[in-house]
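Undergrad: okay, predicted coordinates and the sequence, questions at the end:
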Amino acid sequence: MFPRGLDVKGKKRKGKGKRPQSFVGLEALLVFPDHGDYVATLDLMRRFSAAFRFAYNRLLEGEKREDLKKEDGPLCTLFRLNTRYADDALLKAQALLTSQVELGENPRKVVFGGRKLLADLARLKKANLPLYERRKREWRERRKGTLYARGDKSKKGNPHLRLVVQNGSLFGAPTPQMNLWLQINLGEKRYAWALVKTSHPRLQELLARVYAEQSYNVELSLREGKVYALFSWEEELPPISLTQEGGVLALDVNADPYGLALAVVNP
């Protein structure tokens, strides 16, 4: 997901004369029937995460995106990524950099993996608490367990993390139920396959985009050894039906411990 007010390239949306857009999506668990595919996916996530951190620091230093994403550039050669994955790492890095500036934070003090978690690690290690190893694993997963691929309508939805509907199983005998798979591009014409497991109410909307070959973004994350996929896409907001011409009534319910705020503005 990208910060509010930014487009997929981390740049300001010009917006005037255009209807606003909203991001919607759903999360799903990925199940890998082939353990080798799971291991290969984790390796790709580790390399992409390192490229994302590298790209962020290079953008801070003023290096150009066009130079960084070249086939013979550092993102492709150092982290063994193709140019599209390299560009997606740059998009995430630019979005993070822009959001830090908009929030008034020092972009040079970003802590990949989370500042609070890093402080917890230091405290737990000093106190020699059993929780330290669990938090350490969470820290490593946050730093090394990311993979992002932006959608592209001209390439049937998403060229690198593509959803595929199969009536049956890719592994073994056919089954009567419909299976939703994620095809993960590992590079060099190699692919990993994972079953997509979710009962999210927006699943039918996502399937409709798959059948229509509309774009959808996919971001993988690692939590407690399991890989999750976040699918997101843009939808136009409905036309405005309520205006301030008749006045405004605003109500805010606070719970600290009890609070009620009311504002009424006449025409």
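TA: Perfect, thanks for sending it.
Undergrad: how confident was the prediction at the residue nearest to residue 182 when sequence neighbours are not counted?
TA: Closest residue to residue 182 apart from its sequence neighbours, by Cβ to Cβ, 6 or more residues apart in numbering: residue 194 at 4.9 Å. The way it works is simple: take the backbone N, C-alpha and C, and place the C-beta from them, glycine included. Listed pLDDT for residue 194 reads 97.
Undergrad: likewise for residue 140?
TA: 84.
Undergrad: beyond the helix or strand where the residue nearest to residue 182 lies, next helix or strand please.
TA: Assigned by DSSP states H and E, residue 194 falls within strand 190-197. Using DSSP H and E, the helix or strand that follows strand 190-197 towards the C-terminus is helix 203-212.
Undergrad: which residues touch that next one?
TA: 24-26, 157, 163, 165, 180, 215-216, 231, 233 (Cβ atoms under 8 Å, 6 or more residues apart in numbering).
Undergrad: out of the residues you listed, who's nearest residue 91?
TA: Of all the contacts of helix 203-212, residue 91 sits closest to residue 215, with 13.9 Å by Cβ to Cβ.
Undergrad: the closest one contacts residue 156, correct?
TA: No: counting by Cβ atoms under 8 Å, residue 215 stays clear of residue 156, with 9.1 Å between them.
Undergrad: out of the two, which sits in the busier spot?
TA: Per other Cβ atoms under 10 Å, whichever of residue 215 and residue 156 has more neighbours is residue 215, with 18 against 15.
Undergrad: what's near enough to touch the nearest residue to the more buried one once chain neighbours are set aside?
TA: Spatial nearest neighbour of residue 215, chain neighbours left out: residue 151 (3.1 Å); criterion: Cβ to Cβ, 6+ apart. Residues near residue 151 by Cβ under 8 Å, 6+ apart: 157-158, 214-218, 233.
Undergrad: hmm, back to that, what sits against the residue nearest to residue 182?
TA: 30-32, 37-38, 41, 181-182, 184, 227, 229.
Undergrad: if we go to 7 Å?
TA: 30-32, 37, 181-182, 184 (Cβ atoms under 7 Å, 6 or more residues apart in numbering).
Undergrad: what secondary structure does residue 63 sit in?
TA: coil (DSSP: H, G, I helix; E, B strand; the rest coil).
Undergrad: again with residue 253
TA: Going by three-state DSSP: residue 253 is strand.
Undergrad: hang on, isn't it packed against residue 260?
TA: Yes: using Cβ atoms under 7 Å, residue 253 makes contact with residue 260 at a distance of 6.1 Å.
Undergrad: narrow the contacts of residue 151 to those in strands?
TA: Here DSSP state E is the test, and the contacts of residue 151 give 217-218, 233 as lying in strands.
Undergrad: for these, which one is nearest residue 266?
TA: Closest to residue 266, out of all of the ones in strands among the contacts of residue 151 and judged by Cβ to Cβ, is residue 233, at 40.3 Å.
Undergrad: who's in contact with that closest one?
TA: Residue 233 sits in contact with 24-25, 151, 209, 215-217, where contact means Cβ under 7 Å, 6+ apart.
Undergrad: and with 10 Å instead?
TA: Contacts for residue 233 (Cβ atoms under 10 Å, 6 or more residues apart in numbering) come out as 21-26, 151, 157-158, 202, 205-206, 209, 214-217.
Undergrad: which among these count as buried?
TA: 25-26, 151, 157-158, 205-206, 209, 215-217 (16 or more other Cβ atoms under 10 Å).
Undergrad: quick check, nearest of those residues to residue 90?
TA: Closest to residue 90, out of all of those and judged by Cβ to Cβ, is residue 217, at 14.9 Å.
Undergrad: now do that closest one against residue 80, distance only.
TA: 23 Å (Cβ to Cβ, to the nearest Å).
Undergrad: can you check residue 206 too?
TA: 30 Å.
Undergrad: go on, residue 208?
TA: 35 Å.
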